[in-house]
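1. what follows is a predicted structure for the sequence shown.
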Amino acid sequence: MSRVLTSAFSTFFVLLQVDPRQIVEEAQRRTTTQSQRYEGTLRVIDARNKVTEKRWQYDRIGSHGSSKAVLRFTAPPEVKGVALLVLNHPDRSSDQWMWTPALNRDRRIALQDRSTRFFGTDFSFEDLEERDTNQFDFKLLGEESLDSAVCWKVQSTPRQAKVSQYTHSYLWIRKDNYAFAQIENYDKDHLVRRAHYSDIRNDQGIWTAHQIDMHDLRRNSHTILTIEKLQYNVPMNGDAFTREALSRES
Amino acid sequence: MMLFRLLSWPYLRRHLVRWILTVAGIVLGVGVFVAMHTANRSIFSAFDRTVDQIAGSTQLQVSAGEFGFDESVLERVQSVREVGIAVPVIEATVDTNIPGQGSILILGIDMTGDRNLRDYELKDADEAIMDDPLVFLAQPDSLMVTQEFAGRNNLTVNSKIPLSTIEGIQQFTVRGIMSSTGMTRAFGGNFAVMDIYAAQQVLGRGRRFDRIDVRAKDGITIDECQAALKATLGPSFDVDPPSARGRHFEALLQSYSTAMMISSLFALMVGMFIIYNSFAIAVTHRRAEIGILRALGATRGQIQRLFLLESIVAGTLGSVVGAVVGIAAALGIARWISRVLETAGGVAQRVSELQVDASLIALAIVAGTGTSVLAAWIPARNAARVDPVQALQKGKYQVLSVGENRRRRWIALAAFLIASVCLFFSYSKPFFYTGYVLMIGAGLLLAPALTLLLSKTLRPILKRILPAEGTLAADSLVEAPRRTSATVSALMLSLAMVVGFGGFAHSFYSSIQEWMDNALNPDFFVAPSENLATRSLTFPAEISSVIERVDGVDQVQVVRDARVTYHDVPVMVISIETEKVASTVHRTPVAGSLEEMNRLTAEGKGLFVSESFATNLKTKMGDVVELPTPSGLLKLPIVGIIRDYSDLRGSLFIDRSVYRDWWKDDTANIARVYVKKGENVEAVRQRVINTLSSQYRLLVLTNREVRDWIMKLLDQWFAMTYNQIVVAVLVAVLGIVNTLTVSITDRKRELGVMQAVGGLRKQIRWTVWIEALTIGVIGLILGTCLGAVNLYYTLGMIKRDLGGIGLDYIFPSAFMILMVPIILGAAWIAALGPAEAAVRGSLVEALEYE
């Protein structure tokens, strides 16, 4: 009885002591790098277990809120060469352009409805945006064990100014390394999407999930993003993250 | 009702053929009316449905006429706070090159955002295509077609479709098949979706969009969003709900619809005369019967009601059958008009189903029955006035009373005088149309007297040609002017319509010929499609210099034209290289001086307009035209007015430099090519084809091909009018058959006596034939005279209310010469049956008659 009370008191004490915003900011700080490069494989498994696969190479410069990224598809052949340039902004939604080599031109992707699925995957465009912690309110709900790791469970709610398809999200952040273990996104009381982070490895001192399984519960389909050949702080030229560069490097 | 059962029904059964002919008059009149209106309604409805079906949940559309606008406008629209979704659209019809399939409506959309506005329901197996637009976007030959189109052409995913593009015929790949719902029924199912940026390339749009479809943000009303967009974009852009396109389409076709309505009313009027004739004859025929009834105590009211009841039965029966016939014919007519509109106007619509309007059918039946009652009114009144004593005496009943004749002449004279006065005030619509109606009315009122006069005039001539038969035939007409005049009136009215429409067509053809000789004088034309009305395909203007470098080419003039909405009227803006055009085309302006007009237009200090524009938009020399352009309102004064037939609603000519500056567009859709003097045109043309084929796949059309295309278009446009003329003449011929049938019956005894005293069958036949031919001749003479008047008013009506086109008065002499054998031939054919009936009838029965 005394152990139970002690545990309850200590949890309560922890909840009082720990600022959830600091936890999220710390998680972000630990993954802050100058650049990132990996080769990704996207496997979409729909409700009928039909599997489609795409591969891309991902380059990012800068971090959290002001990064620039280029995502270039390498397979299958019919999409090879198609590239996506994402310019993130701390205060507003990202700007995105898509390069289509067959048309030899880029196009702006108007993200008026950011709930739109990202090219047939279970990620929405909003899911791919970097979170600006200033646009959310956080509440620590407690601690939970997930995949044999103790995690903080944090509720994140978008502030009024922030337009989101989700009313709130639950974030599981591992206590041992501040890596995200899971995110659940809700629309009112309904769980809409769940992202499960696994195969978390230490790459160049940064704990990184090498597999993200995004489950769209409304469609009952999964998208598994597998990350390979991950490198941080690779020397990159800022000029490579422009619309002009999209066409140059196709 | 009892009288009807006891008297009318047996009479009707005895004279079934004549009744069928009478009813046929109404059947044709109502049939044409219902067919034309139902066809028109179906076309409008098909257009509205196409617009509606492809609009999805679009609430507003941002457009700038057919020119479209630069891509950058999209960001301006998306930045408006009140806008929820804004997606760009390109819309065009292109030839499928599949035999029997014609064209297909292509909707170019941005797949990454468009699904928020439109629901592309794909067949299960193709779900991935919409879910994963990446493949669709990555391959510019991607196309999604409808299940209907795929079914008709045995297409499956990955099938190829050849489509005519700016780069020639290209193979597209079916990457998705849309299920048969809502949007897929647009354009009769000949509908496909393409990536907008691929559409820009293959349709020669450059970096331009046709329009932007918008949905307001949640919580914002459509009006608020519209106001915000207008405030942001200014007057250069139209911001309207999708339904506004239907209004513009209707405005575009206003003249055609009105012309169709007028001609169908003419057909109904002709039917009215047939009914009148029939009843007038019936009253005469049954005079003895009426006399007996009156002697037995039947009241005048009962007699009048009896005939009116007969007319209601005939009218209702004819109207119902006419409505059924009209509906049956409407789909074919609608599809035909639809094809003409698509070719001539480049307007995307396709009629796949009929829109039958119950209220229109009810109106047609009421109008048909009403027309029948109206036509029977005078004969019924005359029947009621029959004096029982006189009625039971044998004799001639067809003679017009002197008093009646005189009264008609006075009324006709008064109508003619008032109509003449109205001519002086014909600038005013009420005066013009009052004058028109009174003039036609005067002609119709004078018809009996003129018929009598002409019959008497023709008698000596007929007597000289065939002494016995000619005299008998002429006497028959002279002694029964009432019987003859109604038929002559119907024939006269039909021919007046023939002269009116034929004259209009003739004047129009002449004017077009003159215009083509003058304005379309290049040696050949370079265009992206053999359909020159296709403005959805454009090419870069640098083609001009490519062609100019070809050996033997003297000059190239590029033209870019497109329709814009000006004061709610769709008009054509034509940008030309004024200086070059001035050196090769020498038009005679309707207003202004040619040199001044060309100089000021070339300097960008003015524009010149077509006469139809000036009339329709009520503008004159010096007026400032405010044209909406993507760069703001372009204000230019009118420096000249010319006759031009590029667009029937009106055309404005601006210099190409002005177009480039204000529309920020350097594309063209036609290049006019002149060959150096002494050069072989065909050889130069071949060189141009060879030069262009390496870079562009454009068509090089000879001057003859372009002229033939325009003439073919005109033929198609007027074909429906000709069909209506045929119907009107047919109705009039029915009247001749009717008249002759009665004439034979009336003269049964006379013809019997003739046979009894040794008259040959041949003579009897000739008598009937000559009577029919004389009716035809009189009808031709009076019809030509009334037609001459009708043509004057028809041209006036076209100028003032149906397109504003000024046409010279040219009487269609050749047309009328052609009508002589047609009418006389028809009259003779109409006489064959009655003549044989007269010859083969029982002599005893004939002598017992009356």
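-> Looks like it arrived, so ask away.
2. find the closest residue to chain B in chain A.
-> Relative to chain B, the nearest point of chain A is residue A:120 (2.7 Å; Cβ to the nearest Cβ). All C-beta spots, glycine's among them, are computed from the backbone N, C-alpha and C.
3. distance-wise, check that residue relative to residue B:110.
-> In this view, residue A:120 and residue B:110 are 16 Å apart by Cβ to Cβ, to the nearest Å.
4. which other helices and strands contact whatever helix or strand residue B:797 lives in?
-> In this assignment (DSSP states H and E), residue B:797 forms part of helix B:761-800. Other elements packing on helix B:761-800 under the criterion 3 or more Cβ pairs under 8 Å, 6 or more residues apart in numbering or on different chains; DSSP states H and E are helix B:429-465, helix B:467-479, helix B:481-519, helix B:703-746, helix B:748-756, helix B:813-840.
5. okay, those in TSV with mean pLDDT, mean neighbour count and distance to residue B:382 next?
-> Below are these laid out as TSV (pLDDT from 0 to 100; neighbours: other Cβ atoms under 10 Å in any protein chain shown; distance: least, Cβ to Cβ, whole Å):
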stretch	mean pLDDT	mean neighbour count	distance to residue B:382
helix B:429-465	88	19	14
helix B:467-479	81	21	17
helix B:481-519	81	24	9
helix B:703-746	73	21	16
helix B:748-756	71	19	22
helix B:813-840	81	18	24
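6. could you chop chain B up by domain?
-> Segmentation of chain B into domains, based on automatic domain parsing, reads B:59-241, B:529-697.
7. chain center to the shortest one: distance?
-> So that's domain B:529-697. Put simply, domain B:529-697 sits 28 Å off its chain's centre (Cα atoms, centre = their mean, to the nearest Å).
8. could you look up the SS state of the residue of chain A closest to chain B?
-> coil (DSSP: H, G, I helix; E, B strand; the rest coil).
9. burial count for it?
-> As a burial measure, residue A:120 scores 23 neighbours (other Cβ atoms under 10 Å in any protein chain shown).
10. so it touches residue A:44, yeah?
-> Yes - here residue A:120 reaches residue A:44: they are 6.3 Å apart, a contact under Cβ atoms under 8 Å.
11. circling back: out of the domains of chain B, nearest to chain A?
-> Judging those by Cβ to the nearest Cβ, what sits closest to chain A is domain B:59-241, at 2.7 Å.
12. got the end-to-end distance for the closest one?
-> 6 Å (Cα to Cα, to the nearest Å).
13. and residue B:214, backbone torsions?
-> Note on residue B:214: backbone dihedrals following degrees, to the nearest 10 are phi -130, psi 140.
14. now residue A:144, nearest residue through space, not along the chain?
-> Among residues not flanking residue A:144 along the chain, residue A:153 sits closest, at 5.0 Å (Cβ to Cβ, 6 or more residues apart in numbering or on different chains).
15. quickly find the element holding that neighbour.
-> Element membership of residue A:153, judged by DSSP H and E, is strand A:149-158.
16. just residue B:227 next, same as before
-> helix B:222-233.
17. in that helix, what counts as buried?
-> B:225, B:226, B:228, B:229, B:232, B:233 (16 or more other Cβ atoms under 10 Å in any protein chain shown).
18. which among these are in contact with chain A?
-> Of the residues in the buried residues of helix B:222-233, proximity to chain A by Cβ under 8 Å from any Cβ of the partner chain holds for none.
19. how about the strands in chain A?
-> A:35-45, A:51-61, A:68-75, A:83-87, A:95-100, A:105-109, A:136-146, A:149-158, A:168-174, A:180-187, A:190-203, A:206-216, A:221-232 (DSSP state E).
20. of the ones you listed, which is nearest residue B:448?
-> strand A:105-109 (76.7 Å; Cβ to Cβ).
21. now that closest one: buried residues?
-> A:105, A:106, A:107, A:108, A:109.
22. which ones are touching residue 236?
-> All of this is about chain A. A:34, A:35, A:37, A:59, A:61 (Cβ atoms under 8 Å, 6 or more residues apart in numbering or on different chains).
23. wrong chain, I was asking about chain B
-> Counting by Cβ under 8 Å, 6+ apart, residue B:236 has contacts B:64, B:628, B:629, B:630, B:631, B:632, B:633.
24. buried subset of those, written for ChimeraX?
-> To isolate the buried members of these in ChimeraX, using 16+ other Cβ under 10 Å:
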select /B:64,628,629,630
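25. restricted to strands, list the contacts of residue B:236.
-> Those of those lying in strands (DSSP E): B:628, B:629, B:632, B:633.
26. any chance of TSV for the residues you listed, columns distance to residue B:784?
-> Shown next, in TSV, are the ones in strands among the contacts of residue B:236 (distance: Cβ to Cβ, whole Å):
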residue	distance to residue B:784
B:628	49
B:629	51
B:632	56
B:633	52
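27. how about the strands in the stretch 151-300 of chain B?
-> B:160-165, B:168-178, B:191-195, B:208-209, B:211-216, B:238-240 (DSSP state E, counting those that start in this stretch).
28. could you give me the buried positions within stretch B:671-685?
-> Here stretch B:671-685 shows B:671, B:672, B:673, B:674, B:675, B:681, B:684, B:685 as buried, counting by 16+ other Cβ under 10 Å.
29. and those residues near chain A, which?
-> Okay, of the buried residues of stretch B:671-685, nothing touches chain A (Cβ under 8 Å from any Cβ).
30. pLDDT averaged over stretch A:148-168 - what is it?
-> For stretch A:148-168, mean pLDDT is 86.
31. contact residues of chain A facing chain B?
-> Residues of chain A lying near chain B (Cβ under 8 Å from any Cβ): A:44, A:46, A:50, A:52, A:54, A:73, A:78-79, A:81-82, A:98, A:100-103, A:105, A:107-113, A:116-117, A:119-120.
32. selection in ChimeraX covering whichever of these are buried, please.
-> If you want just the buried ones from the residues of chain A next to chain B in ChimeraX, going by 16+ other Cβ under 10 Å, the selection is:
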select /A:44,46,52,54,73,78,79,81,82,98,100,102,103,105,107,108,109,110,111,112,113,116,117,119,120
